[in-house]
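>>> following is a predicted model, sequence given first.
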Amino acid sequence: MISLQQLTKVFDHDGARSVVLDRLDFEVGTGEIAAVVGRSGAGKSTLAACVNLLERPTSGSVVVDGLDLTASGEAGLRSARRAIGTIFQTDGLLSRRTAAQNVALPLEFLGVTRAETRSRVGELLDRVGLADKASSYPHQLSGGQRQRVGVARALALRPRVLLSDEATSGLDPESTRSILRLLRELRDDLDLSILLITHEMEAVREVADTVARLEGGRFIESGRVVELLRDPASALGRDLQPERPAAPASAGSAELVVAYASAAVPADWLTRLGGELRAPVDLLGASIEVVDGQSVGHATIAVPAALERAAQDALARLGLARRVPEGRTAALGPASLSAAPSAAPVPLESVA
Ligand SMILES: Nc1ncnc2c1ncn2[C@@H]1O[C@H](COP(=O)(O)OP(=O)(O)OP(=O)(O)O)[C@@H](O)[C@H]1O
């Protein structure tokens, strides 16, 4: 487990003081992937640098399995850093070394015997699915494969925590998926605590158990990914979801954007809704997926305008919550909550 306690980083620049991380408390459980998201300049890289001790926090602690890494003096810093393996955005491999030699590097620094190094490197390359690429040089590998070598190298010293600092940024979708799959396997097989620093919401939905949004030096919203996705009041939950264009509703019908707000939404909810209304329900667009074994997402539907209120009631019973389309005026007849444009999802109960 890794725990950040009151972690603070202040930069002093030309007499100006800037608090980039402000007393952050955060925990990543054993066998858990926790994502940290935030817009550019939010402090994500600073957080990563403080966690793997490349940067000294101004105050506060980074504690791994009960051991306060920040308490070690300069001499102990090197061994403290071993508790955390890091995968960076750029793989950072040495071009004149083969994949195996790159993975061996941290072991060589530590003075591990050649025989032991060879066996451990073999294990690690096997672990990341690159046993057959041991003798390849970085330029002979794809971006995803190079990043896998980076993961193997990060695991060489058997860290308890893996820090992934924008490790999939710039990779093609297939390579991204393969790295994320690998992170999930490492979480499950090695019980690692993985801190995933990313701006890619898809990566968060795909592998993270929890997520926190960093803004103004603080975590302004956090929780389990699936719960945030289902929470109609969560701005982070909304931002985590992809926005897909929907077809326009036909004349005389009311458009409703509805989100899965419960774990118990039946798979045939559209059919049931039509049955309850005894009227056609048009599906105009949808983005539904399975996260953590549960269906989440949202759909844009249209119902005859006269049945809008009845549709809302029926949808609430089915576990779906309505949200007002972003940037649009919510001129939705009697059931509309407000005429102001709103980005916030609106629980059905509150508008019924
Ligand atoms: N060494 C430094 N000295 C002074 N200010 C710094 C230093 N490093 C970072 N900062 C400031 O800290 C803030 C956060 O920067 P950081 O790079 O951590 O953000 P980020 O969330 O990683 O952004 P991005 O997503 O663009 O990489 C910025 O305002 C930046 O200017």
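Arrived safely, thanks for sending.
>>> what does the stretch 1-150 of the chain put close to the ligand?
Within the stretch 1-150 of the chain, the positions adjacent to the ligand are 11, 13, 18, 20, 38, 40, 41, 42, 43, 44, 45, 46 by Cβ under 6 Å from any ligand atom. Heads up, the C-betas are built off the backbone N, CA and C, glycines and all.
>>> now the third one, what's its secondary structure?
Going by DSSP: H, G, I helix; E, B strand; the rest coil, the secondary structure assigned to residue 18 is strand.
>>> helix or strand right after the helix ranked longest in the chain?
The single longest helix within the chain, with elements called by DSSP state H, is helix 173-190. Following helix 173-190 in sequence order, the next helix or strand is strand 193-197 (DSSP states H and E).
>>> please identify which helix or strand holds the nearest residue to residue 57 once chain neighbours are set aside.
Leaving aside its sequence neighbours, residue 57 sits nearest to residue 50 (Cβ to Cβ, 6 or more residues apart in numbering; 4.6 Å). For residue 50, the host element (DSSP H and E) is helix 44-51.
>>> what mean pLDDT does that helix get?
For helix 44-51, the mean pLDDT works out to 94.
>>> what comes into contact with that helix?
Counting by Cβ atoms under 8 Å, 6 or more residues apart in numbering, helix 44-51 makes contact with 2, 4, 7, 9, 20-21, 24, 36-38, 55-57, 62, 84, 86, 163, 165-166, 195, 197, 199, 214, all of which sit outside it.
>>> can we see that at 7 Å?
7, 9, 20-21, 36, 38, 55, 57, 62, 84, 163, 165, 195, 197, 214 (Cβ atoms under 7 Å, 6 or more residues apart in numbering).
>>> what do you get for stretch 6-23?
24-25, 43, 46-47, 50, 55, 57-60, 62, 217-218.
>>> cool, stretch 194-202 as well?
So stretch 194-202 is contacted by 2, 28, 33-37, 44, 47-48, 51, 161-166, 168, 183, 186-187, 203-204, 207-208, 239-240 (Cβ under 7 Å, 6+ apart).
>>> can you pull out the low-pLDDT segments for the stretch 251-352 of the chain?
Within the stretch 251-352 of the chain, the ranges that satisfy pLDDT under 70 run 324-352.
>>> derive a ChimeraX selection command for the buried subset of the residues of the stretch 1-150 of the chain next to the ligand.
Only the buried entries of these go into this ChimeraX selection, using 16 or more other Cβ atoms under 10 Å:
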select :20,38,42,43,44,45,46
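>>> among the residues of the stretch 1-150 of the chain next to the ligand, which pair sits farthest apart?
Maximum pairwise distance in those, criterion Cβ to Cβ, is 20.4 Å, between 13 and 38.
>>> just confirm residue 120 is within a helix.
Yes: with three-state DSSP as the criterion, residue 120 is assigned to a helix.
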